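Trainee: build the 3D model from these lines:
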Amino acid sequence: GGGAEIYIDGSGNFTYAGTITDDSGFLVYMENATGGTKTFSGALNGNGANIGLVNNTGTTINFSGALSLSTGSQAAFTATGGGTVNVTGTNNTLTTTTGTALNIANTTIGSSSLSFKSISSNGAASGIILNNTGSSGGLVVTGTGIVNGSGGTIQNSTGNGISLTNTKNTFLWNMNIINNAGIGISRPSATNTVLTNTTVTGNTGGNIIPAI
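Mentor: From the prediction side, this is the model:
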């Protein structure tokens, strides 16, 4: 496909309940929205297509349908420059090779948090970046039960595997954070980072700094 972009830049409320499936471009791209609540309640399936949210100060963006993004060298889910974002549900997955799987920067994670079943990257600059995400919510990666690796694997990053800066309430279940060139989990100003059945090993710059 040639992209199924939904572009929004206004201040009103917006709801889309349909399913979007595509293999290139953006599934959803939102830039310079200035208010209102934008809700996507249908399934979003991207085998090469991603989600980009840029400079949406004053806007709340909710994803409540299942997200399944596999984007290779492209970033999977990016929200930068303002606004509030929530991702709910039990089957959301992000998978990349050299693209950053999840990047939330200078954007508030809402009180419903970001919930993913698994997040994986292989060879990205960093697999997960949370930077200045506010104090309302956090990131939850669940995996399945207590099954090693079911929450995904962040591996072979050229920098830190996971970078947590000025963020809170990061819960990582059943993940592997392995063989990254930088620090496995860098958390210079993160609070309440909780790992459950998560393996962090073989990272050149250290495994978890500062230690939990």
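
Trainee: show me what contacts the residue nearest the centre of the chain?
Mentor: Most central in the chain under C-alpha atoms, centre = their mean is residue 102, positioned 3.0 Å from the mean C-alpha point. Residues in contact with residue 102 (C-beta atoms under 8 Å, 6 or more residues apart in numbering) are 76, 77, 94, 114, 116, 119, 127, 128, 129, 130, 139. Using the backbone N, CA and C atoms, a C-beta is placed for each residue, glycine as well.

Trainee: how does it look with 7 Å?
Mentor: Residue 102 makes contact with 76, 77, 94, 119, 128 under the criterion C-beta atoms under 7 Å, 6 or more residues apart in numbering.

Trainee: what's the closest non-adjacent residue to it?
Mentor: Nearest residue to residue 102, sequence neighbours excluded (C-beta to C-beta, 6 or more residues apart in numbering): residue 128, at 4.8 Å.

Trainee: my guess is that neighbour contacts residue 153, does it?
Mentor: No. Taking contacts as C-beta atoms under 7 Å, residue 128 lies outside contact range of residue 153: 11.6 Å.

Trainee: same drill for the two, tell me which one is more crowded.
Mentor: residue 128 (30 against 21; other C-beta atoms under 10 Å).

Trainee: if the residue nearest to residue 102 is in a bridge, with which residues?
Mentor: Beta bridges link residue 128 to residue 102, residue 162, judged by DSSP bridges.

Trainee: against residue 20, how distant is it?
Mentor: Distance, residue 128 to residue 20, by C-beta to C-beta, to the nearest Å: 24 Å.

Trainee: before we move on, what about residue 31?
Mentor: Between residue 31 and residue 20 the computed distance is 17 Å (C-beta to C-beta).

Trainee: same check, this time on residue 8
Mentor: 13 Å.

Trainee: below-threshold pLDDT in this structure: ranges please.
Mentor: In the predicted model, the chain carries pLDDT under 70 at residues 1-7.

Trainee: go again using 90 as the cut-off
Mentor: Applying pLDDT under 90 to the chain flags the ranges 1-12, 24-25.

Trainee: name the residues that touch the longest strand seen in it?
Mentor: The longest strand of the chain (DSSP state E) is strand 108-116. Contact with strand 108-116 is made by 60, 84-89, 92-94, 133-134, 136-141, as judged by C-beta under 7 Å, 6+ apart.

Trainee: so residue 126 versus residue 161, what's the distance?
Mentor: 7 Å.

Trainee: more crowded one of the two?
Mentor: With neighbours defined as other C-beta under 10 Å, residue 126 and residue 161 compare such that residue 161 has more, 30 against 22.

Trainee: the more buried one contacts residue 176, doesn't it?
Mentor: No. Using C-beta under 7 Å, residue 161 makes no contact with residue 176, being 9.6 Å away.

Trainee: ok, residue 36 touching residue 59?
Mentor: Yes. Counting by C-beta under 7 Å, residue 59 is a contact partner of residue 36 at 6.1 Å.
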